[in-house]
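> got a predicted structure plus its sequence, pasted below:
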Amino acid sequence: MKILLIMDPGIPVPPPLYGGHERLVHMFSEEYARLGHEVSLLAGPNSHISGKIYSFGKNDLKRGNWQKIKELIYTWFFLLKKAKDFGLIHNFGRLAYLLPILNNDTNKIMTYGRTIDSKNIKLIDRFKNKNLFFTAPSFDCISTNNQYGSWARVFNAIDFSKYTLQTKVDKVAPLIFLSRLDKVKGCHIAIEIAKRTNNKLVIAGNISEIYHEIEYFKKEIEPHIDGIQIKYVGAVNDIEKNHLLGQSKAMLFPINIKEAFGMVMAESMACGTPVIAFNKGSVPEVVIDGVNGYRCDTVEQMIEAVNKIDKINRIDVRKDSESRFSSKVIAGEYLNLFSSTRVQEY
C-alpha cells in the first residue's frame with residue numbers, strides 16, 4: 001500500500017533535537033516501510049525518510065500567520081492532485097489540511113498528541129466525510145472531545161533500540177525526574193520525596209524561558225541542588241537519557257496536569273525503570289500498578305511507593321512496555337483501524 005504521512009513545517013523530520021511528533025512521524029514512516037509499504041512524507045525542509053519526500057513551507061516555529069496560510073493552500077493543492085495515489089493518508093499536522101479530501105475514498109487518519117479543540121472537530125463533522133479516523137494516545141485525551149467523528153486510542157510509540165534494559169540497579173541508585181522544569185511538572189515534589197526517603201535525585205530537563213517558570217526554578221529547585229543528593233544535569237540527548245534512566249531505581253512523575261501520554265514514562269519503562277506517578281491524565285492507562293510502577297494520589301503514597309520499588313521486576317517492566325509501546329505494535333494498530341477488527345476503538 002502507498003502511504004502518505006503529513007507533518008507541519010517548523011521542525012524537520014526527524015528533529016535534530018526536541019520534537020515529539022516529528023520523532024513519531026519519522027518512526028512510523030520507517031516502520032510502515034519495514035512492513036512492506038511504499039511511504040512518502042509531506043513535511044518541512046530538510047526532512048528525510050527512507051521513502052519519498054515532498055518538502056513544503058518553512059522551518060520556523062515563530063513563522064507568521066501568512067506563512068501558515070500559504071502552507072495550508074499548498075497542502076490543499078497537493079492533496080487534490082495526489083490523494084488518489086495513496087491508500088492511506090496519515091496526518092500528524094493541522095486538521096485543516098484534510099478539508100479538500102474529506103469525502104475522498106482514501107483512508108485517512110488524523111492523529112492528535114495533545115488536548116483536542118472540539119470546535120474544529122465539530123466543524124469538520126458537519127462536512128461530508130468518509131474513511132476518516134481520529135486518534136489520540138489516551139482515552140483521557142479522547143474524552144476532551146469524542147462526541148463527533150470516529151475515534152480510537154492508539155498509544156504513542158518509542159524506538160526501543162535506543163533504550164537498554166538494566167535488570168538490576170544498586171540499592172543506592174538515584175531516583176530520576178526527567179521533564180521540562182515547569183511547576184506543573186512537579187520537580188519540587190520530586191525533590192521533597194527524595195529528601196524524605198533519603199534518596200539521591202537526578203533532575204534532567206530544560207529550564208523554561210517564561211519569566212514565572214524561571215522564578216520557580218530559582219526559588220523552588222535551584223536552592224536544593226547540592227550536586228550530591230540533588231543533582232541537576234540539564235537537558236539531555238537520547239544517549240544520555242538512556243544512561244540516566246537505566247541507572248535509576250525509579251522515575252518520579254508527580255505531574256499536576258492531565259498529560260495526553262507522557263513519553264518519558266514509556267522511555268523509562270523501556271530501560272526497565274518503573275514509574276511512580278500521580279494518577280492523572282494518561283497515567284491510569286500507562287502505569288499498571290504493581291507491574292511497571294505505582295499510581296499515587298498523594299505525596300505520602302509516593303513515599304510509600306519509593307520504599308517498596310524493589311518489589312517491581314525490571315524485566316517485566318520492559319516486556320510490558322515493549323508489548324504496548326513499540327513502533328511495530330503501534331504501526332500495526334494504525335493500519336488495523338480500517339480492517340474489520342478495529343483496535344482500541346472508543
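Received, thanks.
> how about S150: what's its closest non-neighbour residue?
F133 (5.4 Å; Cβ to Cβ, 6 or more residues apart in numbering). Heads up, the C-betas are built off the backbone N, CA and C, glycines and all.
> part of a helix, is the one you found?
No. Counting by DSSP: H, G, I helix; E, B strand; the rest coil, F133 is located in no helix; its state is strand.
> my guess is it meets A152, correct?
Yes. Counting by Cβ atoms under 8 Å, F133 touches A152, with 6.0 Å between them.
> overlap in contacts, the two.
The contact sets of F133 and A152 overlap at L337 (Cβ atoms under 8 Å, 6 or more residues apart in numbering).
> could you find the residue nearest the spatial middle of this structure?
Centroid check for the chain by Cα atoms, centre = their mean gives M263 as the closest residue, at 4.3 Å.
> next up, the contacts around it.
Contact analysis of M263 by Cβ under 8 Å, 6+ apart lists G20, N156, I158.
> in CSV, list the residues you listed along with distance to S339, neighbour count and pLDDT.
Output for the contacts of M263, formatted as CSV (distance: Cβ to Cβ, whole Å; neighbours: other Cβ atoms under 10 Å; pLDDT from 0 to 100):
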residue, distance to S339, neighbour count, pLDDT
G20, 28, 14, 76
N156, 21, 25, 94
I158, 24, 24, 93
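> from these, which land in helices?
Counted as lying in helices by DSSP state H, out of the contacts of M263, are G20.
> for I276, give the beta-bridge partners.
L252, Y294 (DSSP bridges).
> surely K2 is in contact with E38?
Yes. With contact defined as Cβ under 8 Å, K2 counts as touching E38 (4.7 Å).
> which stretches of the stretch 201-346 of the chain form strands?
201-204, 230-234, 250-253, 275-278, 293-296 (DSSP state E, counting those that start in this stretch).
> on that earlier part again, and the residue nearest to S150, what are its bridge partners?
On the basis of DSSP bridges, F133 is bridged to I109.
> now do the contacts for it.
F133 makes contacts with N107, K108, I109, M110, S150, W151, A152, L337, F338, as judged by Cβ under 8 Å, 6+ apart.
> one step back: and the residue nearest to the centre of the chain, how far from G44?
For M263, the distance to G44 equals 21 Å [Cβ to Cβ, to the nearest Å].
> any idea which of the strands of the stretch 201-346 of the chain is most buried?
Comparing the strands of the stretch 201-346 of the chain by mean neighbour count (mean count of other Cβ atoms under 10 Å), strand 250-253 comes out on top with a mean of 28.
> packing partners for it?
Using 3 or more Cβ pairs under 8 Å, 6 or more residues apart in numbering; DSSP states H and E, the elements in contact with strand 250-253 are strand 175-178, helix 187-196, helix 263-270, strand 275-278, helix 299-307.
> residues in contact with the last one: which ones?
The contact list for helix 299-307 (Cβ under 8 Å, 6+ apart) reads 175, 189, 192-193, 196-197, 199, 250, 252, 254, 276, 278, 293-294, 296.
> is it correct that I257 is in contact with G281?
Yes. The pair I257 and G281 qualifies as a contact (Cβ under 8 Å) at a distance of 7.0 Å.
> looking at these two, which is more packed in?
More neighbours surround G281 than the other of I257 and G281, with 20 against 13 (other Cβ atoms under 10 Å).
> excluding chain neighbours, give the residue nearest to that one in space.
Excluding the flanking residues, the one nearest G281 by Cβ to Cβ, 6+ apart is K258, at 3.5 Å.
> and A83, by the same measure?
In space, and not counting its chain neighbours, A83 is closest to I101: 4.6 Å by Cβ to Cβ, 6+ apart.
> residues contacting the one you found?
L79, L80, A83, I89, K108.
> likewise for T164?
The contact partners of T164, taken as Cβ under 8 Å, 6+ apart, are N242, G246, C271.
> how about the contacts made by the second one?
I take that to be G246. G246 is in contact with Y163, T164, L165, Q166, V169, C271, G272, T273, counting by Cβ under 8 Å, 6+ apart.
> equivalent analysis for the last one, please.
For C271, the contacting residues are Y163, T164, L165, Q166, N242, L245, G246, R318, taking Cβ under 8 Å, 6+ apart as the criterion.
> and for the first one?
For N242, the residues meeting the contact criterion (Cβ under 8 Å, 6+ apart) are K162, Y163, T164, C271.
> list phi and psi for the last one.
Yep, that's C271 we're talking about. Here is the backbone geometry of C271 (degrees, to the nearest 10): phi -90, psi 0.
> do the same with the first one
Comment: the main-chain dihedrals of K162 come out as phi -90, psi 0, following degrees, to the nearest 10.
> give me the number of residues near it?
The number of residues packed near K162 is 13, by other Cβ under 10 Å.
> test my guess that it contacts H243.
No. Using Cβ under 8 Å, K162 is not in contact with H243; the gap is 11.3 Å.
> C-terminal to the longest helix along the chain, what's the next element?
Assignment by DSSP H gives helix 65-82 as the longest helix of the chain. Scanning forward in sequence from helix 65-82 by DSSP states H and E, the next helix or strand is strand 88-91.
> tell me where the stretch 1-150 of the chain has strands.
Going by DSSP E, counting those that start in this stretch, the stretch 1-150 of the chain shows strands at 2-6, 38-43, 52-55, 88-91, 107-111, 132-136.
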